[in-house]
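Visitor: My questions concern the predicted model and sequence given below.
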Amino acid sequence: MAEATAEYKVIGTRPIRPDGADKVTGRAIYGGDMRLTGMLHGKVLRSPHAHARIKSIDTSKAEALPGVKAVMTVKDLPKAEARMAAAGEMPINVKYLSNNVMADEKVLYKGHAVAAVAATNVHIAEEALALIEVDYEVLPPVLHVLDAMKADAPLLHEDLKTTELGQPTETVSNIASHIQFKLGDPEAGFKEADVIVERELTTETVHQGYIEPHNATALWNEDGHLSIWTSTQGAFVVQKQTSEVLEIPVSQVTVTPCEIGGGFGGKIPVYLEPVAAVLSKKTGRPVKLIMSRTDEFEATGPTPASHMKIKMGAKNDGTIVAAEATLMFEAGAFPGSPVGAGCMCLYAPYAIPNMQVDGYDVVVNKPKTTAYRAPGAPNAAFASETVIDELAEKLGMDPLEIRRINGAKEGDRRVDGPTFPRIGYMETVHAALEHEHYATPLTGPNRGRGVASGFWFNVGFMSSVVINVNSDGTVNLVEGSTDIGGTRASIAMQAAETLGIPYADVRPSVVSTDAVGYTDVTGGSRTTFATGYAAHDAALDVMAQMKQRAAGRWTSDETPVGPEDVTYADGVFACTKDAEQKLTFKEVAALMPRTGGPITGRATVQPRGVGGAFATHIVDVEVDPDTGKVTILRYTATQDVGTAIHPSYVEGQIQGGVVQGIGWALNEEFVYRDDGSMVNSSFLDYRMPTSLDLPMIDTVLVEVPNPGHPYGVRGVGEVPIVPPLAAIANAISRATGKRMTDLPMSPGYVLSKTQNGD
Amino acid sequence: MALVFIPTMLQHLTAGTVQVQIEGRTVRDLIRNLEERFPGIREHLLQDGDFRPDLVVAIDGEQALDLSERVNDNSEVHFIPPIAGGI
Amino acid sequence: MAKKMMVTTTINGEETTFLCEPRQSLLEVLREDLGLTGTKEGCSNGNCGACSVQLDGVLVDSCLVLAAETEGKKVTTIEGVAGPAGLHPLQQKFLEHAALQCGICTPGLIVASKALLEKNPRPTEHEVRYWLAGNLCRCTGYDKIVRAVLDAAETMEAKA
């Protein structure tokens, strides 16, 4: 077990999480475990067609089924306007959100919601779905980004016009936007290059794969107040998005976040909440909906499939002189893929003087994509990091060495413009270069070693915390960040450190939108950073008040004592004017009723100084020449983690992200038939890694404290998924002598590359 | 004077100028002065008197949340798309 | 709706009688009718292991067992793992090793690991990985889970 560093007493240790006992005993209440008196069960009817016009919907037979209490269609929702609202990490288009919750006029993917039923039990609800008659006019679907971009492609939205380089056009198209970033002069830059590599690469649609399906329970009360219980990454986002879709004020909506079984970005947008709300209003009873695993695959936001073109040029000494990229991302049924983030991240680890990156956001007849752990960056890094590997190979240079030569440092400029503050990329490269893994030769046939780097921004956003002091000197910490990975602990640890009290004396609670100030999502690698910042500031507020109370006890006419005369160390308040006067934290707490009453500290933050994250990974693989199956032999991930508040959970974030990357690299993909139906909508055939597929994942926590946070915290959760795709591709390329350019590198694909040539 | 970087996608409004020194104590002043220099650029930056939802204004790498935010001498100002995150 | 049948079984050591339709899975009855929501639903077709329970000591996915099949048998769920003395060593080690992040797979993994250690008290790393391959975890990458199980095995052997 790690000891506290000399600098910190609590930070850096590995205490047990406060919600631990409930989670290992099965007592913790996740959204699917909710039960309320009189609760009905809902089910959603989903389109069997990938692209069709809805001509009519007849719900009468379903309504007549005994046990069915209500049926809804899009007619029960306000007609949505095409307007933007701030309701999530990025502004959302309310019409797209509402139409995704329930289709209006057209269905745009197989699985698109068209109606919903509430019944006394889930089986009756399912039977009722079969009784709803929908008349569709089936249209040809478009299922691939390149097909969707063609001038004669079937159009998903008759009113979607391409925004070309920031300017609206009159071109109706499936291309929602074309963006571009440029730095320097790539054309001139390429002329200086001794070696140029150009590649086209592809990735397929993959899903976040959280084990807990989406759920929502709603009670629209007789007094007009709507209460929602849901597994979400952000209760306030659910509140806002639901209020936008239903066109009711946020003050009418209370969202209580239940425990959540994984999100990775996929549990930020609402799908079921407005449906549950409307069914509750119609029945006067609570209604719960839970998605089936098939619904999850067919109807919730995966991350985009992509088609990418990369061109990079370097001099013989390894200096990269120019880089271009074209990223074409599938947004799914509605615009809004993370192609922008992909464009901004792919060359971020390098100081390249001449770059141009073009991005295309393209709609296709697949579920609307949503965030998946560093959204956009893994696709883009797969492309850029494999080409850099090929450059290194052609130059006869070690792939970590080419990164060391070109690595980005403080002051270097990203392709989208801003310069980097203090960052830790070079430290990750050095950590990889110096690691025993890299020094150990990889021997044996059909084996290869690959490396890759990656970057993710992380975000700040808003958090609120309140700390109430109890009479026994413990404190209650009230926060609004749903705990998906141990953040109750990391936030409590920062409060404990600031207050100078033991971790066990801080009791954190994650509460509803009624009970805490606005707090943004648990996502964007922001929670330990921003909510921890708020906890720190709220703790300072508590300390200031306690110093006031202590001063009040000690002051006299002969020796006036103010809070400025009070010091605090090791749990003890002392008076600078009188060495005899001391009070412990617990004593001041016990005295609260006599010194002015309860003490509550509060803080709200919207921190700057976020600090991006870099990572460099090393992986050894073995490729079976007869089957093409790839085995991961060894994996080491180095990452600049800022200050690791709770090292176990930092390691856990890295290991989890790496393994999602392994799945994405080797097995995971949505397989579609020509009619747009998904073939492999189950965990059997959407093949995520199991314990048997993996070795231990070694992590190296490089701690370059972030100057923008009181404890140096940097977000850590997302960047781990960025390097693995390319690292594994590079390892396979080196094992087989053939360049891997498409994901997933499943056995069939690897065989096709090795047996049929390039 | 702040150094304003014109994003690639707006360079057609500035005859290809990539970087320009602009006066302005606040973001609001800056954008007004930019508009004087390059007529037509404001509507790509503002909507209904506030930042466009599809744009982030970064001052020295940090997001400016309101038009009243101060811009220092020698600050770098960028206009970039917003980004999101998962976990 | 089919006529309900009466089933008498033992759940976590307690004799339990319930009414169920023939088509209802054990998972559904545990969660909806008996209020034992510790066993989780991830996929309902036997591919994720979140619903793992023991049926007469044998590890099964309760979504693939009909509730009626438990007549006269013994069912152990996550709720039956800790005892009056406190957490089971597996539960304790999961916490110490931070072998859970979101926790949704944790009940299934603890029941599965318990079943393993009852059969094989000192498994190797490979044996642990092989046994647990039927339990999906999307958060942890399994590293800390495997370490927790190996550590628990060692602790339990030392106490035995």
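Guide: That came through fine.

Visitor: center of chain C - which residue?
Guide: residue C:111 (3.1 Å; C-alpha atoms, centre = their mean).

Visitor: if I read this right, that residue contacts residue C:51, doesn't it?
Guide: No. The criterion here is C-beta atoms under 8 Å, and residue C:111 misses it with residue C:51 at 9.4 Å. Placement of C-beta: from N, CA and C, glycine included.

Visitor: how far away is the residue nearest to the centre of chain C from residue A:417?
Guide: 53 Å (C-beta to C-beta, to the nearest Å).

Visitor: Is residue C:16 within a helix or a strand, and which one?
Guide: Residue C:16 belongs to strand C:14-20 when assigned by DSSP states H and E.

Visitor: Can you pull the phi and psi angles for the closest residue to chain B within the stretch 401-550 of chain A?
Guide: For the stretch 401-550 of chain A and chain B, the shortest gap (C-beta to the nearest C-beta) falls at residue A:524, measuring 2.9 Å. With angles defined as degrees, to the nearest 10, residue A:524 sits at phi 60, psi 20.

Visitor: For the residue nearest to the centre of chain C, what is the enclosing helix or strand?
Guide: Assigned by DSSP H and E, residue C:111 falls in helix C:106-119.

Visitor: Can you tell me what sits against that helix?
Guide: A:23-24, A:26, C:38-40, C:48-54, C:57-59, C:76-78, C:81, C:88, C:90-91, C:94, C:99-100, C:123, C:127-128, C:131-132, C:134-135, C:137, C:145, C:149, C:152-153, C:156 (C-beta atoms under 8 Å, 6 or more residues apart in numbering or on different chains).

Visitor: just the buried members of the residues you listed?
Guide: Buried subset of these (neighbour count, 16 or more other C-beta atoms under 10 Å in any protein chain shown): A:23-24, A:26, C:38-40, C:48-54, C:59, C:76-78, C:81, C:88, C:90-91, C:94, C:99-100, C:123, C:128, C:131-132, C:134-135, C:137, C:145, C:149, C:152-153, C:156.

Visitor: can you give me the strands for chain C?
Guide: C:5-11, C:14-20, C:52-55, C:58-61, C:74-76 (DSSP state E).

Visitor: Rebuild these as JSON lines, extending it with mean pLDDT and distance to residue A:479.
Guide: Shown next, in JSON lines, are the strands of chain C (pLDDT from 0 to 100; distance: least, C-beta to C-beta, whole Å):
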{"stretch": "strand C:5-11", "mean pLDDT": "98", "distance to residue A:479": "36"}
{"stretch": "strand C:14-20", "mean pLDDT": "97", "distance to residue A:479": "38"}
{"stretch": "strand C:52-55", "mean pLDDT": "98", "distance to residue A:479": "32"}
{"stretch": "strand C:58-61", "mean pLDDT": "98", "distance to residue A:479": "36"}
{"stretch": "strand C:74-76", "mean pLDDT": "98", "distance to residue A:479": "36"}
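
Visitor: which of those sits most buried?
Guide: Each of the strands of chain C was scored by mean neighbour count; the highest is strand C:52-55, a mean of 24, by mean count of other C-beta atoms under 10 Å in any protein chain shown.

Visitor: Am I right that residue B:77 falls within a helix?
Guide: No. Under DSSP: H, G, I helix; E, B strand; the rest coil, residue B:77 sits outside any helix and is assigned strand.

Visitor: hey, what's it bridged with?
Guide: Beta bridges link residue B:77 to residue B:4, residue B:59, judged by DSSP bridges.

Visitor: thought residue A:360 was touching residue A:342?
Guide: No. The pair residue A:360 and residue A:342 does not pass the contact test of C-beta under 8 Å, sitting 10.6 Å apart.

Visitor: So for those two, which sits in the more crowded spot?
Guide: residue A:342 (28 against 24; other C-beta atoms under 10 Å in any protein chain shown).

Visitor: can you pull the contacts of the residue lying closest to that one once chain neighbours are set aside?
Guide: Of all residues not flanking residue A:342 in the chain, residue A:376 sits nearest, at 3.2 Å (C-beta to C-beta, 6 or more residues apart in numbering or on different chains). Residue A:376 makes contact with A:304, A:327, A:329, A:337-343, A:345, B:83 under the criterion C-beta under 8 Å, 6+ apart.

Visitor: Which of those residues fall within helices?
Guide: A:339-343, A:345 (DSSP state H).

Visitor: which pair in the residues you listed spans the largest distance?
Guide: Pairwise distances among the ones in helices among the contacts of residue A:376 were taken by C-beta to C-beta; the largest, 10.8 Å, belongs to A:339 and A:345.

Visitor: Let's see the pLDDT reported for residue 23.
Guide: You didn't pick a chain, so chain A it is. With respect to pLDDT, residue A:23 scores 98.

Visitor: oops, chain C please
Guide: 93.

Visitor: contacts for the helix or strand harbouring residue A:277?
Guide: Here residue A:277 is covered by helix A:273-283, with elements defined by DSSP H and E. Helix A:273-283 is contacted by residues A:40, A:42, A:44, A:69-70, A:72, A:76-77, A:98, A:101-102, A:113, A:116-118, A:216-220, A:226, A:228, A:230, A:238, A:241-242, A:245-246, A:286-289 when judged by C-beta under 8 Å, 6+ apart.

Visitor: which helices and strands does the helix or strand following it pack with?
Guide: Reading on from helix A:273-283 to the C-terminus, the next helix or strand found by DSSP H and E is strand A:287-290. Judged by 3 or more C-beta pairs under 8 Å, 6 or more residues apart in numbering or on different chains; DSSP states H and E, strand A:287-290 is in contact with strand A:40-46, strand A:215-220, helix A:273-283.

Visitor: any idea which of these is most buried?
Guide: Using mean count of other C-beta under 10 Å, strand A:215-220 ranks as the most buried of the helices and strands packed on strand A:287-290, with a mean of 27.

Visitor: ok, it: who's next to it in the sheet?
Guide: strand A:226-230 (antiparallel), strand A:287-290 (antiparallel).

Visitor: now the helices for chain B?
Guide: B:27-37, B:42-45.

Visitor: in the last one, what's buried?
Guide: For helix B:42-45, the neighbour count (16+ other C-beta under 10 Å) marks B:44-45 as buried.

Visitor: Any part of that helix near chain A?
Guide: Yes. Using C-beta under 8 Å from any C-beta of the partner chain, we find that helix B:42-45 touches chain A at residue B:44.

Visitor: For stretch A:132-140, buried residues please.
Guide: Under the neighbour-count rule (16+ other C-beta under 10 Å), stretch A:132-140 has A:132, A:134, A:136, A:139 buried.
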